[in-house]
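Chemist: below are the sequence and a predicted model; questions follow.
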Amino acid sequence: MTQREQYNSYMKSRIMTASPAELILLLYDGAIKFCNIAIMGIEEDDIEKAHNNIRKVERIVDELTNSLDEKYEVAKDFANVYHYMKQRLIQANVSKDKEILEEVLKHLRTMRDTWKEVMRLNVTQPEPMKMAQ
């Protein structure tokens, strides 16, 4: 088994065993990775590389949008940010604008870091006591 095949096998296993919260974190990490690759594509004048990776980020933002649970008020705020990022990604793809991608990358990192903190707090918070029946 090649190193790449081992990595792909590991990632498939990681995804299949991840909790819903961990899957969201993986989506953020993927979006950040592809956004960085798109920036490199622009820097290298590789239009196809930039385009393909911007499209990957767009699809991940779509998936993040679809994962929102509307019963929480904060979901509207997240939806607004995702909508904004999607519009900026489209603009970046049309103009191959590195600065726009860097802006999106900043938002993605902030949201990922916030999500990590939420996950950490949920793990460290004690479970509420169950009522005896």
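Modeler: Noted; the coordinates are in hand.
Chemist: list the buried ones in the one helix or strand Lys106 maps to?
Modeler: In the assignment (DSSP states H and E), Lys106 maps to helix 98-124. Within helix 98-124, the residues scored as buried using 16 or more other Cβ atoms under 10 Å are 98, 100-101, 104-105, 107-108, 111-112, 115. All C-beta atoms are positioned from the backbone trio N, CA, C, and that covers glycine.
Chemist: kindly report the same for stretch 82-90.
Modeler: Those would be 82, 85-86, 88-89, for stretch 82-90 by 16+ other Cβ under 10 Å.
Chemist: just the pLDDT at Met131, thanks.
Modeler: Looking at Met131, its pLDDT reads 39.
Chemist: next: Glu58.
Modeler: For Glu58, the predicted pLDDT is 98.
Chemist: so the residue nearest the centre of the chain versus Glu43, what's the distance?
Modeler: In the chain, the residue lying closest to the centroid (Cα atoms, centre = their mean) is Tyr28, at 2.1 Å. Applying Cβ to Cβ, to the nearest Å, the value for Tyr28 to Glu43 is 23 Å.
Chemist: got it, and Ala18?
Modeler: 32 Å.
Chemist: ok, Glu73 next?
Modeler: Relative to Glu43, and taking Cβ to Cβ, Glu73 is found at 40 Å.
Chemist: one more: Tyr82?
Modeler: Applying Cβ to Cβ to Tyr82 and Glu43 gives a distance of 26 Å.
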